[in-house]
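**Student:** Predicted model, plus sequence, below.
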Amino acid sequence: ANLHDNTYWSSPVLGSQIQTIFSGVNPSRIFEYKPGDSNPIYEIPGYENYVHWFNKPSGAMDRGYGYAAEGPAAPVGAGDDYVSPLRHELTFTGVPNNGTFSINTYFKGVTDQGIENDNFNLFGNPYPTAINIETFLTSNPVVSQVAIWTHGTEISGGTGGSYTPADYIYYTSAGPSEPGVTENIGSAQGFMARTIAYGNISFNNGLKMIDANNQFFKTEIRKKSDLAKNEEDKLWLRLKDGKEKSGILVAYLEKATDGLDDRYDAAGGLGEKNISLYSQMGESKLAIQALGIFSPEKSVPLGITVKE
């Protein structure tokens, strides 16, 4: 494993402290995401994907928010051949979060266009059970899509370099941008959500799923169900070049229209990729495109972008 493998976490209990939960992790490699703020460290060409990330070495893990952390740092005196443990296990001890509560969101005033990611917020599952993405979307109308970080591609350079924006899986009411992904967000999983309006989001016990805590995205270890439900009338496409990849979903749904639909259609948005496959609707380049019920006369324009 690579100590730079990055995972998005959230606390399922009250009172968690970052410096305790992430003990053993280099404090400079623990982050929070602050949309609306720009970190001057990353305001240079080539680092645009990281401009909203800020170091968060200590303090409380706020309920309902997410945090990113790399793997445990190498022990003092470890040689160049040190291999980080494959599993990075965290222990949360305390009173489990429960009930209904709301948290603030950021919205810049206009919806994101193209690869803009200004309206993404980093939240997290605050409960010790899985929560349902689809219920989260329908109960929070200020949110249009969820993005889950998988870190499925090794950081460029092996031990340093850049992360791959293509490692996000997007999810809307139409389904996931990758096949086999189910609607459950595991306990302690952090996730991105894109806002389309001003307002708060609400967590409540109605989001909880029973006996479904079987999907967590964490570098090489991806704990997940075997099959996603309701995969009929859905088509997944993937473009791959070596380790670089880009996937999209085209879904034909009774509840969707052939135009742009909030909470059904989704642009990728979280960073510029080296290669990008997308479907096109007008000026919009989509990672998930939902259309009305299928008919043979319908066509879906596709496009490919390759970064020089």
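**Tutor:** The structure has been received and is ready for your questions.
**Student:** Give me the three-state assignment for residue 136.
**Tutor:** Here residue 136 is recorded as helix under DSSP: H, G, I helix; E, B strand; the rest coil.
**Student:** For the nearest residue to it once chain neighbours are set aside, which residues are in contact?
**Tutor:** Counting by Cβ to Cβ, 6 or more residues apart in numbering, residue 136 lies nearest to residue 207, which is 5.7 Å off, once chain neighbours are set aside. From N, CA and C alone the C-beta is placed, and that goes for glycine too. Residue 207 makes contact with 127, 131, 132, 135, 136, 139 under the criterion Cβ atoms under 8 Å, 6 or more residues apart in numbering.
**Student:** any idea of the pLDDT on residue 207?
**Tutor:** As predicted, residue 207 sits at a pLDDT of 96.
**Student:** quick one, phi/psi of it?
**Tutor:** phi -80, psi -20 (degrees, to the nearest 10).
**Student:** One more: residue 19?
**Tutor:** When quoted as degrees, to the nearest 10, the phi and psi of residue 19 stand at phi -70, psi -20.
**Student:** what residues are up against the nearest residue to it once chain neighbours are set aside?
**Tutor:** Closest residue to residue 19 apart from its sequence neighbours, by Cβ to Cβ, 6+ apart: residue 58 at 4.4 Å. Going by Cβ under 8 Å, 6+ apart, residue 58 touches 17, 18, 19, 27.
**Student:** Count residues in the vicinity of the last one, would you?
**Tutor:** Residue 27: 15 surrounding residues under other Cβ atoms under 10 Å.
**Student:** pretty sure it contacts residue 20?
**Tutor:** No - using Cβ atoms under 8 Å, residue 27 is not in contact with residue 20; the gap is 12.0 Å.
**Student:** now the strands: where do they sit in the stretch 1-150 of the chain?
**Tutor:** Secondary structure of the stretch 1-150 of the chain (DSSP state E, counting those that start in this stretch): strands located at 7-9, 30-33, 53-55, 67-69, 101-103, 120-124, 130-132, 143-149.
**Student:** export these to CSV and tack on mean neighbour count, mean pLDDT and distance to residue 91?
**Tutor:** Output for the strands of the stretch 1-150 of the chain, formatted as CSV (neighbours: other Cβ atoms under 10 Å; pLDDT from 0 to 100; distance: least, Cβ to Cβ, whole Å):
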stretch, mean neighbour count, mean pLDDT, distance to residue 91
strand 7-9, 24, 91, 12
strand 30-33, 21, 96, 16
strand 53-55, 15, 95, 23
strand 67-69, 22, 94, 14
strand 101-103, 14, 97, 24
strand 120-124, 24, 96, 16
strand 130-132, 23, 95, 19
strand 143-149, 25, 92, 21
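**Student:** Mind putting those strands into TSV with distance to residue 43?
**Tutor:** Output for the strands of the stretch 1-150 of the chain, formatted as TSV (distance: least, Cβ to Cβ, whole Å):
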stretch	distance to residue 43
strand 7-9	23
strand 30-33	16
strand 53-55	12
strand 67-69	19
strand 101-103	27
strand 120-124	18
strand 130-132	35
strand 143-149	22
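**Student:** Now do the contacts for residue 134.
**Tutor:** Contact analysis of residue 134 by Cβ under 8 Å, 6+ apart lists 173, 183.
**Student:** Show me where the stretch 201-308 of the chain has its strands.
**Tutor:** Assigned by DSSP E, counting those that start in this stretch, the strands in the stretch 201-308 of the chain fall at 201-203, 208-209, 216-218, 221-223, 234-241, 244-252, 275-281, 284-286, 288-291, 302-306.
**Student:** Who are the packing partners of the last one?
**Tutor:** Read it as strand 302-306. Secondary-structure packing of strand 302-306 (3 or more Cβ pairs under 8 Å, 6 or more residues apart in numbering; DSSP states H and E): strand 275-281.
**Student:** surely residue 90 meets residue 20?
**Tutor:** No - contact criterion Cβ under 8 Å: residue 90 and residue 20 do not qualify, at 9.8 Å.
**Student:** give me the beta-bridge partners of residue 241?
**Tutor:** Applying DSSP bridges to residue 241 gives these bridge partners: residue 244.
**Student:** what's around it, how many residues?
**Tutor:** Applying other Cβ under 10 Å, I find that residue 241 has 10 neighbouring residues.
**Student:** Mind putting the strands of the stretch 201-308 of the chain into CSV with distance to residue 70?
**Tutor:** Below are these laid out as CSV (distance: least, Cβ to Cβ, whole Å):
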stretch, distance to residue 70
strand 201-203, 27
strand 208-209, 29
strand 216-218, 12
strand 221-223, 15
strand 234-241, 26
strand 244-252, 22
strand 275-281, 25
strand 284-286, 31
strand 288-291, 29
strand 302-306, 29
